[in-house]
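Asker: quick one: sequence plus predicted model below, questions after.
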Amino acid sequence: MKQYVTFTIDGAHVRAAKGASVLDVAIEYGVCIPHLCHVPYLSDIGACRLCIVEHIKDGRSKVTTSCTLHVQEGMVIRSNTDKIKRLRRNIAELLVAQAPNSRAIQDIAVRCGVKEVRYPFRNSNCVLCGRCVRACTEMWRARAIGFVGRGKDRHVDFPFGVRSDLCKHCGSCVMLCPMSITPCNGPMKTGEEYLCGKCESQLAITENLSDSCVWCELGKGFQCGRYQ
Amino acid sequence: MPAIKNASDLEALRKRLQTQRGTFRATLTLCGGTGCQASQSQAVIDAIKGELVRQGLENSIHVRVSGCHGFCEQGPIMVIEPGNIFYCHIIPDDAQEIVSKTICNGEIIERLLYTDPVSGNKIQTEAEIPFYRAQDRQLLSKNRFVNPCSIEDYIAIGGYSALAKVLAGMLPDAIIEEMKASGLRGRGGGGFYTGRKWADCRAAQGDEKYVICNADEGDPGAYMDRSILEGNPHLVLEGMMIGAFAIGAGQGAIYVRREYPLAVKHARIAVQQAREYGLLGENILGTDFSFKVEIARGGGAFVCGESTALMASLAGKVGEPRPKDVHTVEEGFMNKPTTLNNVETWANVPSIIHNGAAWFAAKGTKGSKGTKILALTGRVKNTGLIEVAMGTPLRTIVFDIGGGALDGKAVKAVQTGGPSGGCLPVSKFDLPVDFDAFAEAGSMVGSGGMVVMDESTCMVDVAKYFLTFLQDESCGKCVPCRLGIDRMLEIITDITNGKGRPEQIPLLKELAETVSETALCGLGKTAPNPVLSTLRYFSEEYDAHVNQKRCPAGVCKALITYTIDAQKCKGCGLCLKACPHGAIKGEKKQVHVIDTHLCHKCGICTDECNSQAITVN
Amino acid sequence: MPPVMLESILDGRRSQPHQLIEVLQDVQEGLGYISEDSMRTVSKELGVPLMEVYRVANFYKAFSLKPRGKHVITICMGTACHVRGAHLLIDQVLGQLGLQPGSTTDDYLFTVERVNCLGACALGPVVVLDDKYHHHMTPGKLRKLIESVHKDDREETAYACD
């Protein structure tokens, strides 16, 4: 028998099954908390830090990722305070400065309110979201790819850098990768990167509305829970 | 050797050992810790032992090789009882004189005595040395009386009596209440209330629980845990066993960083001896309590000092932290309830049980009780490990214990808490060593590292040093730490290269605050502290770098030039010979010149020059 | 790696995935580095997926995936050593051997590594050469130390050729 708990998110009382994450429940109820490394059918690792919310407990507020936070009876969650908006914007800015040549990353940045990028652009082709690794490890259990190295050197690779028989060419990694969705006008020239924001313009008209889902294009191409 | 089957066996053995040790004519304690070993103390130890044999004294004079005393710069050191005579900087050739004059005739050898750097006086006994006198060496003083490879030494000084007291009938809840009442807070950096942690773990669901000792002391400049584990491993073992009994754990592990081979070795010997004596294993001291412990070595990763990363590493995986929405006291090692505490925290437990919580809480401040071991290093006269009561002001530590500035340069700041901590300026030196006071001031007591900096240290360079360190050690999983530290370092590098722009300073601050709020683990969350504290207290140095393209301390290479003063140069050629990059040209007895294109600004030439002819501007 | 050596390392540890790091440390000590072959064997014998073994070997600083030089020079870059000028030692090694930390000379005589604190802070700057600690190091002392190793090595080779 399923057990349910009630908690509040942005003032709204919500009922959810025990064991669910705050992010899953929020998306289901139309509170679209931005996220990147979360994929509905894979484990949540809390790596991108975009889904952060404020968990108010005992009068103190703790900033934590909603994908790793499990629902509890009486929890108080605020997903869109000024503080959270600012933190999320800064993280998205770091991401888009690292990899501007991805439509998904650009869309996320605009969605999180990034207006200008104050760091020099770098044209990285991986943001280490881990979607590919988790799909390969958890879904197909092939373990053909994994995270190798530490810190700045961290990258996704095959054992010994060479594709092995463990890889069955299923294509899941490519399908899930945010970098494989290139910007509409194609790859940007080095040194001429910019923040596009055209795809998200339909969100601009809803900027002043309270946070409810607008069934955006971003979610459609990006494995958002609403489209499952 | 005797297997100890119950508490009275233990007492009987203790009395026997104490009587035996009382029959020696004299006891020589020589330090064999890593620091003194680096000063070749082993050769001294061998020479002394050899000399005693030569003079037929090896049976009446007790030689004890102890662990670290904390005064490493004076090594190799020796303490002679009776008389509490302290000799330092001993070389093997001194052995004959020491045995003949001091041991046999009670004559003091002046040149081997410690010279107080402040007064210039020679000091005879260890007790009178100002460095030691100003301390409260509850834990460190035990190192002198124990050979870490001898469980009997530990038993002789009262070891395992706290465990006996616990197993004689203290209830687990009573033990935990005692720990709570003592006010002991984690000594590894977190400062979490130990009693509360044990209570949470005891309450957690599960039959299989673990206790872990975190000996992955990764903070550069910190070596307190090394000294305790190397010098008195049984103290840690006893503390762990008391904790295990209190929370209901039957297994434990000591995770030691591999850069401490001697600590690993001594911990292994201690575990083996405890097993042989029946103090580890099944039915300890004849009770139902059984406990086994493993020693594990780290693989070389600072991040493994973080509790979840450590537990992953213990399980043979990469040391990547996990989000702590569920705490490790509920789901820790192998997802079982685990109590992880630092070496020094465990080391405090036996004396709290033995002397009572009130005794421990009588020292310190309201929020920080007991004593803390600190590693005082850097630009002060007296460096080494010191143990002081919580609440001691920084000023006392730097000037009274540390002896004040080195080379007459003015002390500028103290960096506390390692890479997670911050820099406190002289204006804050009245702050007491207290977890909350330091945190409020923008720093941290942390594991206890204290690096003193003077006017020759560039604070922007210090921030850059710590960011470089953390970037190297970051696991790279989360965006704020991986990309945030990278971008902070990018900005600070621009600043130290003279390319800083005014708008980068508020950006640096905003980025630092974002990283500290959003990072996944403690490494990322505290990484911005060096940046934030130097921005807060030393903004004028940032200003000089950005707006005047000048490094006031003369450190940042891009902003300084090395020149040879033609008036002072004697043409001796020492600098030319020393320069590893061939940047100095000149004929013998002619003024030498530095080629600024080849100069790497490493400063090696300045070190070699005897005429102070090389200037930095 | 000689099968006998690997066998003794794996003894008593088969099918125990949590022993991976201890096993790799023993391989590193025995062979001087972690070879591809040893990783494949360890993966099979311990029951750890090959990807995991490769990840662990790459994550920890203790492990080197390339053979190291005959003499390993480890320079401590901890805070206390840093404020006493440890970076001068890095410069010295760069000038004298042309090596950045983490690399090996072409003749495989020297490898230079940096370590983030050995815990001998009061004696900094500290350099470890082949497991022997040297304290209060200056660039001049380091230059002489490296030169003496060169000299000893040349004599050794001379003996061997006799």
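Answerer: On my side now, so go ahead.
Asker: quick check: the residue of chain C nearest chain B.
Answerer: C:Gly95 (2.4 Å; Cβ to the nearest Cβ). All C-beta atoms are positioned from the backbone trio N, CA, C, and that covers glycine.
Asker: what's the nearest residue to that residue if we skip its chain neighbours?
Answerer: Of all residues not flanking C:Gly95 in the chain, B:Pro580 sits nearest, at 2.4 Å (Cβ to Cβ, 6 or more residues apart in numbering or on different chains).
Asker: on the three-state scheme, the one you found is what?
Answerer: Secondary structure, DSSP: H, G, I helix; E, B strand; the rest coil: B:Pro580 is coil.
Asker: what residues does chain A put near chain B?
Answerer: A:45-50, A:52, A:63-65, A:68-70, A:83, A:86-87, A:90-91, A:94-95, A:97-98, A:118-120, A:127-128, A:147, A:149-154 (Cβ under 8 Å from any Cβ of the partner chain).
Asker: looking at those, which are in strands?
Answerer: Among those, DSSP state E puts A:52, A:63-65, A:147 in strands.
Asker: closest one of those residues to B:Ile157?
Answerer: Nearest to B:Ile157 among those, counting by Cβ to Cβ, is A:Thr64 at 46.8 Å.
Asker: the nearest residue to the closest one once chain neighbours are set aside pairs with what?
Answerer: Of all residues not flanking A:Thr64 in the chain, A:His55 sits nearest, at 5.4 Å (Cβ to Cβ, 6+ apart). Going by DSSP bridges, A:His55 is paired in beta bridges with A:Lys62, A:Ile77.
Asker: need the pLDDT of A:His55.
Answerer: pLDDT recorded at A:His55 is 96.
Asker: swap in the one 10 residues further on?
Answerer: At A:Thr65 the predicted local confidence, pLDDT, stands at 96.
Asker: which residues are in contact with it?
Answerer: Contact analysis of A:Thr65 by Cβ atoms under 8 Å, 6 or more residues apart in numbering or on different chains lists A:23, A:44, A:46, A:49, A:51-53, B:323, B:520.
Asker: skipping its backbone neighbours, what lies nearest it in space?
Answerer: A:Thr65 sits nearest to A:Gly46 (Cβ to Cβ, 6+ apart), 4.1 Å away.
Asker: the helices in chain A, which residues?
Answerer: Here chain A has its helices, by DSSP state H, at A:22-28, A:82-98, A:103-111, A:131-134, A:172-176, A:201-204, A:217-221.
Asker: same check on chain C?
Answerer: Under DSSP H, chain C gives helices at C:3-10, C:20-31, C:36-46, C:50-59, C:79-83, C:86-97, C:139-161.
Asker: out of those, which comes closest to B:Asp400?
Answerer: With Cβ to Cβ as the yardstick, what comes closest out of the helices of chain C is helix C:79-83 (20.2 Å).
Asker: which residues touch that closest one?
Answerer: Contacts of helix C:79-83 (Cβ under 8 Å, 6+ apart): B:220-221, B:375, B:377-379, B:383, B:415, B:418, B:449, B:451, B:453, B:457, B:465, C:117, C:121-122, C:124-126.
Asker: can you check the pLDDT for residue 208?
Answerer: If you meant another chain, say so; for now it's chain A. Listed pLDDT for A:Asn208 reads 50.
Asker: wait, chain B
Answerer: pLDDT, read off for B:Glu208, is 95.
Asker: also C:Leu24?
Answerer: 96.
Asker: and it, how far from C:Arg55?
Answerer: 11 Å (Cβ to Cβ, to the nearest Å).
Asker: what does B:Val616 give?
Answerer: Distance from B:Val616 to C:Arg55, by Cβ to Cβ: 45 Å.
Asker: which one of these two has more residues nearby?
Answerer: Neighbours per residue, other Cβ atoms under 10 Å in any protein chain shown: of B:Val616 and C:Arg55, the larger number sits with C:Arg55, 21 against 15.
Asker: list the contacts for the more buried one?
Answerer: A:146-148, B:318.
Asker: now do the contacts for the residue nearest the centre of chain C.
Answerer: Taking Cα atoms, centre = their mean as the criterion, C:Val72 is the residue nearest the geometric centre of chain C, at 5.6 Å. Contact analysis of C:Val72 by Cβ under 8 Å, 6+ apart lists C:110-113, C:128-130.
Asker: including distance to chain A and neighbour count, could these go into JSON lines?
Answerer: As requested, the contacts of C:Val72 are arranged in JSON lines below (distance: Cβ to the nearest Cβ, whole Å; neighbours: other Cβ atoms under 10 Å in any protein chain shown):
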{"residue": "C:Phe110", "distance to chain A": "24", "neighbour count": "23"}
{"residue": "C:Thr111", "distance to chain A": "19", "neighbour count": "23"}
{"residue": "C:Val112", "distance to chain A": "19", "neighbour count": "24"}
{"residue": "C:Glu113", "distance to chain A": "16", "neighbour count": "18"}
{"residue": "C:Val128", "distance to chain A": "22", "neighbour count": "19"}
{"residue": "C:Leu129", "distance to chain A": "26", "neighbour count": "18"}
{"residue": "C:Asp130", "distance to chain A": "26", "neighbour count": "10"}
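Asker: ok, so of those residues, who is nearest B:Cys556?
Answerer: Of all the contacts of C:Val72, B:Cys556 sits closest to C:Val112, with 24.2 Å by Cβ to Cβ.
Asker: isn't that closest one up against C:Gly98?
Answerer: No. Counting by Cβ atoms under 8 Å, C:Val112 does not reach C:Gly98; the two are 10.1 Å apart.
Asker: residue ranges with poor pLDDT in chain B?
Answerer: Applying pLDDT under 70 to chain B flags residues B:1.
Asker: spell out which residues of it are next to chain A.
Answerer: B:301, B:303, B:318, B:322-323, B:325-326, B:471-480, B:482-484, B:486-487, B:490, B:503, B:507, B:510-511, B:514, B:517-520.
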